[in-house]
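S.K.: kindly generate the corresponding structure for this input.
(2 chains)
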There are 2 protein chains.
Amino acid sequence: MLKRDVLTVIEENRERYIEWLVEFCKIPSVAAQGRGMEEAVKFLDGLFEEELGLQPEKLDAGGYPVVYCEMKGASDHTISFYNHYDVQPEDPVDLWQTPAFEPDLRDGKIFARGVADNKGNLIARMAAVHAILQADEELPMNVKFVFEGEEEIGSVNLPELAEKHAEKLASDGCVWEFGYRDPDGTVQLSLGVKGMLYVELTASGASTDLHSANATIIENPLWRLVWALGTLKDPKERVLIPGFYDEIDEITETELALLDSYELDEDAMLDSLKLKKFVLGLKGDQLKRKHIFEPTCNICGVEGGYTGEGSKTVLPSKAMAKLDFRLVPGQDPQKILAALREHLDANGFEDIEIREMSSEVAARTHPDEALVHVMRSVAEKVSGKKPNVVPNTPGTGPMHVLCQALGIPSASFGVGNFSSNNHAPNENINVEDYIDGIKMAAVLIEEFNAQLNKEKSVVG
Amino acid sequence: MLKRDVLTVIEENRERYIEWLVEFCKIPSVAAQGRGMEEAVKFLDGLFEEELGLQPEKLDAGGYPVVYCEMKGASDHTISFYNHYDVQPEDPVDLWQTPAFEPDLRDGKIFARGVADNKGNLIARMAAVHAILQADEELPMNVKFVFEGEEEIGSVNLPELAEKHAEKLASDGCVWEFGYRDPDGTVQLSLGVKGMLYVELTASGASTDLHSANATIIENPLWRLVWALGTLKDPKERVLIPGFYDEIDEITETELALLDSYELDEDAMLDSLKLKKFVLGLKGDQLKRKHIFEPTCNICGVEGGYTGEGSKTVLPSKAMAKLDFRLVPGQDPQKILAALREHLDANGFEDIEIREMSSEVAARTHPDEALVHVMRSVAEKVSGKKPNVVPNTPGTGPMHVLCQALGIPSASFGVGNFSSNNHAPNENINVEDYIDGIKMAAVLIEEFNAQLNKEKSVVG
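M.R.: Coordinates of the predicted model:
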């Protein structure tokens, strides 16, 4: 049942909730570089204590802690929210119009590193609980917050933590971290995430950089790396590692049908990226299908030799590439890692070292779960439009280890939009989407509880 | 005729000449980065004025000036010395045992950026003139110093300058900038240099870096670059650009015969570079032949995406590679540039931009030139051993435009050694090789004049 006063409370507290987010985004909590992490945890502690009157726990599995907070509600049902307080590095710094960690409000947007991924959603959900407590003084159901600090570095310690604290993570449904809107403003409701294998490939040559006159007779590790990379994917975008596609789950009719309502505004996306076409010139259903259901092999970065101004003639001694493979249900990151090693060896690249940086299994929740039905209805109520449901987003997260592996359904909507520039310069969200995000979370807590009560009484 | 007192004067002035070099090497004259260039010119001005009583001219063709100094001698013959006062950038900085621009004397060596390439030779030749003047008060022949400031950035303004100042550059023989010793201490006498084409290849994608989840549908410029590079050379080290090898001059019997005395201490080189084998496992004559007579296609550097710590999942918006082609006599850099463009287009890489950074034509002097005969004899007298003569070094320089194009024979010997680490960290020369370098230059001025006098009287 929709409580009008919760929405009123949210409107009354707009400035306060924006202020929370702005303050949080000033903290450069870049886990990859070990910056601002303690400060971010302290900020969350302060917000919980001063605004919600709660003391969160720190769950530790060796890395940056999970900030965990459990609140008793009227029923014995539980909803959990997974978010993360770490953000991506801000480089390339010079492409930001305003500094990444000095949040800037302009044109109805908030610009800051992490504002979309994932601080906007994290704070919106805390604000939702705050608003309910202001309106009602009691939560209708138990609420659990699970705020990770290592999502952007592959959630390296989360599997161990999930095993250790399975009872704390238990819930009737987990609202996943992110959420976006299509170019026309339609809320996206996502039921899963892709998996991930992130590796560094390193080629080594002479023990020191050399004058490039020696290129006649000394092997260049940049060439080794270029040739090795060339064996991984061809210009038709086909991954050439044997077995890469073999164990992918077949896509069901229901999943495929969801693509119809999934909006990909091709022109808007191409315009905003100043591109003429998508990869391979794909359009329409083929494009959507590739985006949602296909795995990737992406070069995140290559480093080697001289890349400064002018023309240094050098034969480098080392070359390195970072690659991420986005995986789909059925693909096992560890099997793919082994296949990559085997493939490089088979092609004469035994010299290329592979360093595994992170791996995650893909996850999908069934569209018929109660959580999904309620989230559809909540998104429509708050935004005024039916949401577009996608079987999974093109992105990745540790959903499998926190949810599906523990038998918890999971789905997500949130405060981002199609051009939020996650992981890129000028990351942003719309202020109104942020306020709607708070509203969706608040109404969801009400309605998911009501739905679970209904199901219980039917069963009972 | 060898004047014993010149050699004595050089020995008496050892510390002074080392001091000159050390002071010069403190100046970070990196043309590619526009650092320390004025300071280097000022230093040379001071040295000429205070130590040789001369005022050098500055020859200008738009970039850093050529420091030019002409000294009248007893005969009307002229010898010229070409050197350069700019050096390579010092990165990777952290691999230097002592800072690149804080010259360090240890183990009988001087370590500093530029000490081998090319400041050691430059100062040695000034010291030779100083010593002759101390011993004799007059030079036996005219001496011209041509000290360039843009050699490491491809001598971009030298062709124009050479045309404008052809009469100033006129001489009976030009001693080229560099010179090295084999691992057994044998002086190398080099009769030529390879040519060069240096380009930057750039691939562009979306207008901003993106979250790598978009790798399904957005083209990655790093992949474009990797694929494009893969079409340029195969793992057999064969350059695949059509026509690349077509116009190479045939190697003469005389040139080929010189390879017999050219020493390449394979084990010492592999040891010092901590390598197990040369490229393609080559050895002996095949290795030497490839090193001296074959062109290269070398990747100097690749830049793109995230290359810092940890695992940033990004789809970069740009990727860039720097390539140098070392060319051999017969190859025209401009034709190769055109062939590169055509090749990329033909392989579907019209999108890859090519930026020409520099180009130079290869050059070789005939082994029967008087200059070469005298230099052979001088190297033997000073070092006590017959030099190894090479038809050309594997390196590059603007020899053609300054010498062969003006009808001037050119050859070179100098103060470097097989592990001088030119263009690399811990660049160094042996102190004794430096002193010998001064002696070789001084004796050469005496003996080249005597030889030219003899030839003149025979002709007369």
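S.K.: give me every residue that touches the residue in the stretch 1-150 of chain A that chain B sits nearest to.
M.R.: Distances between the stretch 1-150 of chain A and chain B by CB to the nearest CB are smallest at residue A:32, namely 3.0 Å. Heads up, the C-betas are built off the backbone N, CA and C, glycines and all. Contacts for residue A:32 were tallied using CB atoms under 8 Å, 6 or more residues apart in numbering or on different chains; they are A:88-89, A:152-153, B:308-312.
S.K.: among those, name the buried ones.
M.R.: Using 16 or more other CB atoms under 10 Å in any protein chain shown as the burial test, the contacts of residue A:32 include A:88-89, A:152-153, B:310-312 as buried.
S.K.: and which of these is nearest to residue B:144?
M.R.: Comparing those against residue B:144 with CB to CB picks out residue A:89 as the nearest, at 54.2 Å.
S.K.: elements contacting the helix ranked longest in chain A?
M.R.: In chain A, taking DSSP state H as the definition, the longest helix is helix A:431-459. Packing partners of helix A:431-459 (3 or more CB pairs under 8 Å, 6 or more residues apart in numbering or on different chains; DSSP states H and E): helix A:4-12, helix A:14-25, strand A:78-84, strand A:109-111, helix A:120-136, strand A:173-175, helix A:370-383.
S.K.: now do the buried residues in that helix.
M.R.: A:431, A:433-452.
S.K.: so where does residue A:325 fall, helix or strand?
M.R.: Per DSSP states H and E, residue A:325 falls inside strand A:318-327.
S.K.: which elements pack onto that strand?
M.R.: Here strand A:318-327 touches strand A:195-204, helix A:221-230, strand A:298-305, helix A:333-346, going by 3+ CB pairs under 8 Å, 6+ apart.
S.K.: for the helix or strand that the third one is followed by, the distance to its chain's centre please.
M.R.: Of the helices and strands lying after strand A:298-305 in sequence (DSSP H and E), the nearest is strand A:314-315. With CA atoms, centre = their mean, to the nearest Å as the basis, the distance from the averaged C-alpha position of strand A:314-315 to the chain average is 39 Å.
S.K.: can you pull the residues of the stretch 1-150 of chain A lying near chain B?
M.R.: A:31-33, A:88-89, A:91-92, A:95, A:117 (CB under 8 Å from any CB of the partner chain).
S.K.: buried deepest among the helices and strands packed on strand A:318-327, which one?
M.R.: Greatest average neighbour count among the helices and strands packed on strand A:318-327 goes to strand A:298-305 (a mean of 26), per mean count of other CB atoms under 10 Å in any protein chain shown.
S.K.: now do that strand and strand B:298-305, the angle between them.
M.R.: 130 degrees (axes from the mean of the first three to the mean of the last three CA atoms, to 10 degrees).
S.K.: note down every partner strand of strand A:298-305 and its orientation.
M.R.: Here strand A:298-305 has these sheet partners by DSSP bridges: strand A:318-327 (antiparallel), strand B:298-305 (antiparallel).
S.K.: now these as TSV including mean pLDDT and distance to residue B:252?
M.R.: Below are the strands paired with strand A:298-305 laid out as TSV (pLDDT from 0 to 100; distance: least, CB to CB, whole Å):
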stretch	mean pLDDT	distance to residue B:252
strand A:318-327	98	38
strand B:298-305	98	26
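S.K.: out of these, which is closest to residue A:370?
M.R.: Of the strands paired with strand A:298-305, nearest to residue A:370 by CB to CB is strand A:318-327, at 27.8 Å.
S.K.: is the helix or strand of chain A with the lowest mean pLDDT anywhere near chain B?
M.R.: In chain A, no helix or strand scores lower on mean pLDDT, DSSP states H and E than helix A:253-261, which sits at a mean of 88. No - applying CB under 8 Å from any CB, one finds helix A:253-261 separated from chain B by no less than 13.4 Å.
S.K.: which other helices and strands does that helix contact?
M.R.: helix A:284-293, strand A:388-390.
S.K.: just checking, residue A:58 is part of a strand?
M.R.: Yes - assessed with DSSP: H, G, I helix; E, B strand; the rest coil, residue A:58 lies in a strand.
S.K.: how about it: what's its closest non-neighbour residue?
M.R.: residue A:65 (3.9 Å; CB to CB, 6 or more residues apart in numbering or on different chains).
S.K.: list the beta-bridge partners for the nearest residue to residue A:72 once chain neighbours are set aside.
M.R.: In this structure, residue A:72 finds its nearest non-sequential neighbour in residue A:142, 5.9 Å apart by CB to CB, 6+ apart. Residue A:142 has these beta-bridge partners by DSSP bridges: residue A:78.
S.K.: right, and residue A:142 touches residue A:81 too?
M.R.: No - if you go by CB atoms under 8 Å, residue A:142 and residue A:81 don't touch, sitting 11.7 Å apart.
S.K.: the two: who's more crowded?
M.R.: Neighbour count, other CB atoms under 10 Å in any protein chain shown: between residue A:142 and residue A:81, residue A:81 has more, with 26 against 20.
S.K.: show me the contacts for residue A:76.
M.R.: A:141-142.
S.K.: about what we covered before: can you say which of the helices and strands packed on helix A:253-261 is packed in most?
M.R.: When the helices and strands packed on helix A:253-261 are compared using mean count of other CB under 10 Å, strand A:388-390 is most buried, at a mean of 23.
S.K.: give the other helices and strands that the helix or strand just after that strand contacts.
M.R.: As assigned by DSSP H and E, the chain's next helix or strand after strand A:388-390 is helix A:399-402. Under the contact criterion of 3+ CB pairs under 8 Å, 6+ apart, helix A:399-402 touches helix A:158-164, strand A:192-193.
S.K.: can you pull the buried residues of the longest one?
M.R.: When you say that, I think you mean helix A:158-164. A:158-159, A:161-162.
S.K.: contacts only, for residue A:419.
M.R.: Here residue A:419 is in contact with A:183, A:272, A:428 (CB under 8 Å, 6+ apart).
S.K.: with residue A:441 instead?
M.R.: Counted by CB under 8 Å, 6+ apart, residue A:441 has contacts A:81, A:124-125, A:127-129, A:175.
S.K.: which two from these end up farthest apart in space?
M.R.: Every pair of the contacts of residue A:441 checked by CB to CB; the farthest is A:127 and A:175, at 13.9 Å.
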